[in-house]
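Novice: structure for this input, please:
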Amino acid sequence: MTIIIQLVLLVIGFAALVKGADFFVEGSSSVAKQLRVPSMIIGLTIVAMGTSLPECSVSITAALAHKNGLAISNAVGSNTFNLMVVCGACTLFCPLAVQKETLKKEFPFSIAAALLLLGFGFTGMLVGHMEGFVMLFLFACFLIWMIQSARKARATASDEEEYEILPIWKCFLFIVGGIIAIKFGGDMVVDSASTIAKNFGMTDTLIGLTIVAFGTSLPELVTSIVAARKDEVDMALGNVIGSNIFNILLVLGVAAAISPITFSMQNIIDIIVLVIMSILVLIFAATKKTINRTEGIIMLVLYAGYVVYICNR
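Specialist: Got it, this is the predicted structure:
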């Protein structure tokens, strides 16, 4: 009976995720059009912040409990999942077109954030209070940069373009309601899936490396796929890049500012894997300014190999 209840909750959770993502993308897209701001910038900011709520919640809770090993594993694991699985899955629906500015600015910035974290961890196997504040300062600089980009885009937008947009109150309702549905839907999926997994004899470690890591990245996955299917590919890619920047600079910055993060050699290896995979995806994107289905399948296969590795190490 317990498994049946958990299966029902699992289905309800997935339904809330999908519908919440649908509303969230609709509201965010309408805001972008109304303000004449490119969908990429909305994806890098509003959408990325909304879909990073689970990682933020898990990492800050871990920091308050002085269990920052979970914070670093969650953030780095989610970033790798976002990059390889979320982008890879989106290409199954349509190719991910990548703007030249994204290749030159936002994507390299996300790799630089990962390299910064690697540098902090490798030098002293610790990210202390000072490093946390440095990361938060860089995150503030990133937000200012995005605001300036939005202003430039709005200034150069044509006033003659007309869009079918939602009223501002409905945009707000869709965005907030979508975030709430995504948050609680993700929680229901993770909790019910973990209960089912334990009933089948899976260990807590394996559950943490698979179900919880997957669960905290579900908002990014569902939101990006919905955005790709709505032909908002800029928002889909912006969501992934923005979430990865948020997870390192904001989430880990706050966690380190609360309680220093101690690194293990496994954390160092995972960050190196993230950097290598990021460079690979950047190469894919730079070749034809597009990540196609074949490249997306390669990304999914590589991630599957990485999961096999982390489950057996």
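
Novice: tell me how many other residues surround Glu106.
Specialist: 24 (other CB atoms under 10 Å). From N, CA and C alone the C-beta is placed, and that goes for glycine too.

Novice: surely it meets Asn239?
Specialist: No. Between Glu106 and Asn239 there is no contact under CB atoms under 8 Å: 11.6 Å.

Novice: next, count neighbours for Ala285.
Specialist: With other CB under 10 Å as criterion, Ala285 counts 21.

Novice: and the pLDDT at it?
Specialist: We have a pLDDT of 90 for Ala285.

Novice: contacting residues for it?
Specialist: By CB atoms under 8 Å, 6 or more residues apart in numbering, the residues touching Ala285 are 96, 98, 102-103, 107, 291.

Novice: give the buried subset of those as a ChimeraX selection command.
Specialist: Per 16 or more other CB atoms under 10 Å, the buried members of the contacts of Ala285 correspond to this ChimeraX selection:
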select :96,98,102,107,291
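
Novice: ok, so of the contacts of Ala285, who is nearest Asn74?
Specialist: Checking the contacts of Ala285 against Asn74 with CB to CB, the nearest one is Phe107 at 22.4 Å.

Novice: could you say which helix or strand holds the closest residue to that closest one other than its chain neighbours?
Specialist: Using CB to CB, 6 or more residues apart in numbering and skipping residues adjacent in sequence, the residue nearest Phe107 is Leu282, 5.6 Å away. Taking DSSP states H and E as the criterion, the element that holds Leu282 is helix 265-288.

Novice: got the buried residues for that helix?
Specialist: 267-268, 270-271, 273-275, 277-278, 280-282, 284-285.

Novice: how many residues are close by the closest residue to Asn247 other than its chain neighbours?
Specialist: Spatial nearest neighbour of Asn247, excluding adjacent residues (CB to CB, 6+ apart): Ala75 at 4.5 Å. Residues near Ala75, counting by other CB under 10 Å, number 30.

Novice: with Pro38 instead?
Specialist: Neighbours of Pro38 (other CB under 10 Å): 22.

Novice: what's Ile279 in contact with, if anything?
Specialist: Applying CB under 8 Å, 6+ apart, the residues near Ile279 are Ile111.
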